[in-house]
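In: Quick one: sequence plus predicted model below, questions after.
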Amino acid sequence: MVGCRSETYPAPGALPVVVPGTLDDDLARRDFTVNAMAYRLSGPDAGTLVDPHGGRHDLAAACIRALRGGTFTEDPSRVVRALRYAARLGFHLDDDTAVEARTCLASLDLSASRVGDELRRLLDEESAAAALTLAAALGAPWPDDDDARATRLAALAPALAHPGAPSPPTWALRLGLGLRPDAVAGAAVPQWARAIASEARAGVQLAARVRGEESASAIDAVLRDTSAAEQVGAVIAGADAVATWWAQWRDMTPAIDGSDLVAAGVPPGPAIGRALAAVRRDVLDGLAGDREQQLARALVVAGVS
């Protein structure tokens, strides 16, 4: 069980020094008034609300208010938390908190580990798009200034809901779809998450290539060497054929395999791969016919007929 604590910050952005304290001390160390309340669980006052900072009033007013001035200077990650809470709850920042948030966001260091942790939590919520919109409105330079940012983020959930869709971590996809590439490069997030973010962003450009192809086999040729995140980015950008590829074409296989070709006289080697690839293209395009026709086609491609 964790007891009540008091804390001090030896320097801006440093980890706090925590010591045992009273309930009032513990509530006073919180970030915002709306999470600086507690119910007494025992004693003569059991069941009563302890609210020394007006959190109940701010909760009713749908307001995120910093507990004290300088709260974002003490711990800059708190400003990201304020954005997350406001977006999740549909709340607004009170005037003084918004002024301090604007100052902090202008120079927020995304490479700081605690800021990176809070950014990941923000991006992991369904309200991430609203949080990034609020950040941009307060002058943060790291949300993507592309007008299509909100559209891309709104299209993410429907894209991932398609049958057969891959499932990269959603927060990493939002990282690439919602932040400026230079901000992603410097953010304190794992390298694998930066890679997924970059791939999702690249997928937006991939969409044009997919839309330029007409046959299922040509679309398959474009997509087979792309990452899951690129494919999701392409769907978000309007390449609907990718969703069809996930659901129908990606896992299509011929009715024959390499052992059938060996049994028919094709020596093991590259010719078998070429033949099966040709038949698979026919299967995708609806030209393959039955098993016997597929075998005959494969033998021609392999040079045995």
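Out: Yep, it's here. Predicted, not measured: the structure shown is a model, and the values here were computed from it.
In: Tell me, how many residues neighbour residue 35?
Out: If you count neighbours by other C-beta atoms under 10 Å, residue 35 ends up with 16. For glycine as for every other residue, the C-beta is placed from the backbone atoms N, C-alpha and C.
In: quick one, what contacts residue 145?
Out: 136, 180 (C-beta atoms under 8 Å, 6 or more residues apart in numbering).
In: Please disregard the earlier target; I meant residue 253.
Out: 280, 283.
In: can you tell me the helix or strand for it?
Out: Remark: residue 253 resides in no helix or strand, with elements defined by DSSP states H and E.
In: Can you give me the distance of it to residue 90?
Out: According to C-beta to C-beta, to the nearest Å, residue 253 and residue 90 sit 49 Å apart.
In: what about the strands in this protein?
Out: For the chain, the strands defined by DSSP state E cover 5-8, 17-20, 38-39, 49-50, 63-64, 92-93.
In: contacts for the third one?
Out: Meaning strand 38-39. 23, 26, 27, 47, 48, 49, 50.
In: Weed out the non-buried ones from these.
Out: Buried by 16 or more other C-beta atoms under 10 Å: 26, 27, 50, out of those.
In: got a pLDDT number for the closest residue to the last one other than its chain neighbours?
Out: In other words, residue 50. If the residues on either side of it in the chain are set aside, residue 50 comes closest to residue 38, at 4.7 Å by C-beta to C-beta, 6 or more residues apart in numbering. pLDDT, residue 38: 83.
In: ok, now residue 29?
Out: Residue 29 is given a pLDDT of 80.
In: So what does it look like in phi/psi?
Out: The phi/psi pair for residue 29 (degrees, to the nearest 10) reads phi -90, psi 0.
In: about what we covered before: now distance to residue 102 too, for the buried ones among the contacts of strand 38-39, in CSV please.
Out: Listed next are the buried ones among the contacts of strand 38-39 as CSV, based on distance: C-beta to C-beta, whole Å:
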residue, distance to residue 102
26, 29
27, 26
50, 32
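In: Which one of the contacts of strand 38-39 is nearest to residue 71?
Out: Closest approach to residue 71 among these (C-beta to C-beta): residue 27, at 13.8 Å.
In: Does that closest one touch residue 53 like I think?
Out: Yes: the criterion here is C-beta atoms under 8 Å, and residue 27 meets it with residue 53 at 6.9 Å.
In: and for these two, which residues touch both?
Out: With C-beta under 8 Å, 6+ apart as the test, residue 27 and residue 53 both reach 36, 37.
In: Does residue 67 touch residue 35 like I think?
Out: No: taking contacts as C-beta under 8 Å, residue 67 lies outside contact range of residue 35: 9.0 Å.
In: Distance of the residue nearest to residue 50 relative to residue 57?
Out: The value you get for residue 38 to residue 57, if C-beta to C-beta is used, is 16 Å.
In: Please say which of these two ends up with more neighbours.
Out: Using other C-beta under 10 Å as the criterion, residue 38 and residue 57 rank with residue 38 on top: 18 against 13.
In: From residue 89, how far off is the more buried one?
Out: If you go by C-beta to C-beta, the gap between residue 38 and residue 89 works out to 19 Å.
In: next one: residue 35
Out: Distance from residue 35 to residue 89, by C-beta to C-beta: 11 Å.
In: hang on, the earlier thing: just name the closest of the contacts of strand 38-39 to residue 62, please.
Out: residue 49 (18.5 Å).
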